[in-house]
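Novice: Sharing a model prediction with you, sequence too.
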Amino acid sequence: MSGAAEPAADTPRVLVFSTINISDPGIDLAGSRHLEYPATVQTMAVPCSSGLKPSWLVHALESGFEGVFVASDGEECAYLPDCAERTAAIIDRAQAMMSERGIPAQRLKMAALCSVCAEPFANYMREFSATLTRLRTPVPVG
Amino acid sequence: MSQETPEPKAAPQQRRIGVYICHCGGNISDYVDVAAVREALKDEPGVVVSESPVFACSDGTQHDMIDDIRAQNLDGLVVASCSPKLHQVTFRNVAKRADLNQYAYTQVNVREQDSWAHPHDRAGATEKAIGLVRAGVAKTRLSDPLEPLRIETVPRALVVGGGIAGLRAAIGLADVGIQAVVVERESRLGGWVGRFGPTFPDEASGAEEVAGLVEQIKARRDITVYTNAELTGKSGTFGNYAAQLTLHRDGSDKQLTVDVGSIIVATGFDSYAPDEGEFGYGIDGVVTLPEFKELVDAAPAGTLSYRGRPVRSIAYVYCVGSRQEAPGNEYCSKYCCTATIHASMLVSKLDPGIRQYHLHRDIRAYGRNELLYNESRDRGSIYLKFPDDTPPSVQKEASGGLSVTVTDLLTESRELTLPVDLVVLVTGMVPRENSDLVQVLKLPVGSDGFFNEIHPKLRPVETVVDGVMIAGCCQSPRTVGESVAAGLAAVAQSAALLKKGFAELEPLVARVDPEKCVGSGECLTSCPYDAITSIEWDGRQVATVDPATCKGCGGCVPVCGSDAIDLLGYTDAQMRAAIEEMIATDVPVKEPVG
């Protein structure tokens, strides 16, 4: 192996939910431009982030993903004018379920990502991975 | 509408799936150990073929896949290659050619979202690919055999709006054999363009161009026009909508229903209306760009006057109401710079002695319009650039005249006061108030208030509402030529939808399991397209989804408190299985030697 990327074993596993028409093309573009982000980030595309079940997000975290990132359409959603609000409500419901299970809320993140938001995506992934790594360190008591 | 009932699928573990991991030349295999992925997949439950072709999309490999599907009796296909945007259709067609259900095909993106993004982490990229392909196999294992929804279509289109884009679209529709029905809210046709004389870039009179179109329409039996009319209701489904028209006649309303296959919305724009006092608006002698254009068009040769007073000098203040910070109009209307330059040229032709000052932030006379800008300077127009944060101010002088004070950036930000007879506020376009129409057609409205297309480059006139298209300035500010081009694009799109006599829709829509549905009604209001209704089933009320109206967004899925709704292709079982397979990668990946 060559280059500066961290070994996969040390990097948090992240599941990204993207949207077929808006954010997934943005993630494609990050690859087309060879903007590197950790290979432990995997993406699953759905038509619209408002169609995500909170239980799927929690299921991903309970199955072994350290973080879940919802790359939503924001204001650009072609289906639902209130998509941002709907997706935010789904995140709220998922975080309430996480709280019941003792999973820190920071392990679920949502951001709007446009179809050409290649650099923001790569940055989000690097930052989110760093946040998840910090969450591994126990907070000293007292 | 019809949907065939396909063969029942096999149990997940008994599926016979073919997996093909593409090298893409070296685009994938240079960074991902394709052989390791192939080996990791070959013992997955349900996988009976695991191959790694050099180019999955090549003709030869496509034939090999078809041979495998037939010889091995495959009932599922997974190709791990580039983005589905590039080749999903290609491999769905491979499935179809081999008599395999095309929705038993899953494309896994291991190029844009793997090899190209992790060129320095071969082990990580390989492990990621294994997880992604396993997830794809999991989705295929649980896939339902689906058939596209077949819809019979009516060879007639409704055009909403009788401006130049709508009128030209109506003629275009008739030319390709689709009957056109035009509804115009106003009593006269032609919209904004019909009010004006010469317009850029060819000096043709807008009023005469509209009159020419109206003459053509009168001579056509396949175009019907209703003025003083509105679209007030829509029922049915794409390809065969029943459009309810309300005709305002002699103080009473008449209702009319027209069956149409598609609807082209070309409702135009409104001109920005400045507030009282905004750049002096309201003072005698301060006018907007459309008001000024009508004044110039009506002027007799050799002179320009305003309310009986001769006009010897004019100041144009650009970007009024445009390019403002939110909550103002943040966008540029892009036509107004050239329209103003063109109007000033008309003025100089009326009387070359009239002094003309153009006070601007930037001049956006793009493309060939740049030549018009140069010509206007040659004819004596003076252009002064002011800073964004120091706009000009307009005053009424005690003498009765007007003056404009401006900071001229290019002469060391000197403040100049220009005495003028007329001030023209160069106003842009704003979205027209159309809330009733938005409600009737479920049109998607962007944050700027204009209607939204599906994709600004690749699907520029289609909306998410099947068969409903947008064209012209209802979509965004644009020039006459650009509006007409969009109208004709909507004609071409209508022809593509309607000329075959039938259309096929994606069957990846929401489905309610009536056994699980408790009839709470929570989902009924969650769909802005009214695709969900309540029906009686087994002696109780349950929800049901009309597949032809459903857009396939899945927005109703998380709303259901009893988990009774699934989006086909993204069912609860498929999503959970895909998540589990993605994380479960535990295959050791060998580092390349050397």
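Specialist: Happy to help now that I have it.
Novice: can you pull out the strands in chain A?
Specialist: Along chain A, the segments classed as strands by DSSP state E run A:14-19, A:41-46, A:67-72, A:108-112.
Novice: hmm, I was thinking of the stretch 251-400 of chain B
Specialist: Taking DSSP state E, counting those that start in this stretch as the criterion, the stretch 251-400 of chain B carries its strands at B:252-260, B:262-265, B:269-271, B:286-288, B:305-306, B:309-310, B:313-320, B:355-360, B:382-385, B:393-396.
Novice: looking at those strands, which is buried most?
Specialist: strand B:262-265 (a mean of 29; mean count of other C-beta atoms under 10 Å in any protein chain shown). Yep, even glycine has a C-beta here, placed from its N, CA and C like the rest.
Novice: Who are the packing partners of that one?
Specialist: Using 3 or more C-beta pairs under 8 Å, 6 or more residues apart in numbering or on different chains; DSSP states H and E, the elements in contact with strand B:262-265 are strand B:156-160, helix B:164-175, strand B:240-249, helix B:435-441, strand B:468-470, helix B:480-498.
Novice: Could you save the ones you listed as JSON lines and add columns showing mean pLDDT?
Specialist: Compiled in JSON lines, the helices and strands packed on strand B:262-265 are given as follows (pLDDT from 0 to 100):
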{"stretch": "strand B:156-160", "mean pLDDT": "98"}
{"stretch": "helix B:164-175", "mean pLDDT": "98"}
{"stretch": "strand B:240-249", "mean pLDDT": "95"}
{"stretch": "helix B:435-441", "mean pLDDT": "92"}
{"stretch": "strand B:468-470", "mean pLDDT": "96"}
{"stretch": "helix B:480-498", "mean pLDDT": "97"}
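Novice: for the helix or strand bottoming out on mean pLDDT in chain A, the distance to its chain's centre please.
Specialist: Ranked by mean pLDDT, DSSP states H and E, the helix or strand of chain A with the weakest confidence is helix A:23-32, at a mean of 92. Helix A:23-32 sits 14 Å away from the centroid of its parent chain (C-alpha atoms, centre = their mean, to the nearest Å).
Novice: circling back to that earlier point, the strands of the stretch 251-400 of chain B: which one's closest to residue B:438?
Specialist: Taking C-beta to C-beta, strand B:262-265 is the member of the strands of the stretch 251-400 of chain B nearest to residue B:438, at 9.7 Å.
Novice: contacting residues around whatever residue of the stretch 301-450 of chain B ends up closest to chain A?
Specialist: Ranked by C-beta to the nearest C-beta, the top residue of the stretch 301-450 of chain B for proximity to chain A is residue B:447, at 5.0 Å. With contact taken as C-beta atoms under 8 Å, 6 or more residues apart in numbering or on different chains, residue B:447 is in contact with residue A:75.
Novice: again, but for residue B:249
Specialist: residue B:228.
Novice: can you list the residues of the stretch 451-594 of chain B near chain A?
Specialist: B:452, B:454-455, B:463-464, B:508, B:528, B:551-558, B:563, B:567, B:570, B:572, B:575-576, B:578-580, B:582-584, B:591 (C-beta under 8 Å from any C-beta of the partner chain).
Novice: quick one: stretch B:172-187 to chain centroid distance?
Specialist: 21 Å.
Novice: Distance-wise, check the residue located most distally from the centre of chain B relative to residue A:79.
Specialist: Distance from the C-alpha centroid of chain B peaks at residue B:399, with 52.3 Å (C-alpha atoms, centre = their mean). Residue B:399 is 60 Å from residue A:79, where distance means C-beta to C-beta, to the nearest Å.
Novice: so how many other residues sit close to residue B:501?
Specialist: 11 (other C-beta atoms under 10 Å in any protein chain shown).
Novice: circling back: pull out the buried residues from the residues of the stretch 451-594 of chain B next to chain A.
Specialist: The neighbour count (16 or more other C-beta atoms under 10 Å in any protein chain shown) marks B:452, B:454, B:463-464, B:508, B:528, B:551-558, B:567, B:570, B:572, B:575-576, B:578-580, B:582-583 as buried among these.
Novice: Need the nearest residue in space to the residue nearest in space to the middle of chain A, chain neighbours excluded.
Specialist: Note on chain A: the residue nearest the mean C-alpha position is residue A:69, at 1.2 Å, using C-alpha atoms, centre = their mean. What sits nearest to residue A:69 in space, not counting adjacent residues and going by C-beta to C-beta, 6 or more residues apart in numbering or on different chains, is residue A:16, at 4.7 Å.
Novice: tell me which residues form a beta bridge with the one you found?
Specialist: Legend: beta-bridge partners of residue A:16 under DSSP bridges are residue A:43, residue A:69.
Novice: which residues sit in contact with it?
Specialist: A:27, A:41-44, A:68-71, A:125.
Novice: Tell me which helix or strand residue B:406 sits in.
Specialist: Under the criterion of DSSP states H and E, residue B:406 resides in strand B:402-408.
Novice: Tell me the buried residues in that strand?
Specialist: Applying a neighbour-count criterion of 16+ other C-beta under 10 Å, the buried positions in strand B:402-408 are B:402-404, B:406-408.
Novice: possible to save these as CSV with pLDDT?
Specialist: What follows is the buried residues of strand B:402-408, written out as CSV (pLDDT from 0 to 100):
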residue, pLDDT
B:402, 97
B:403, 97
B:404, 98
B:406, 98
B:407, 98
B:408, 97
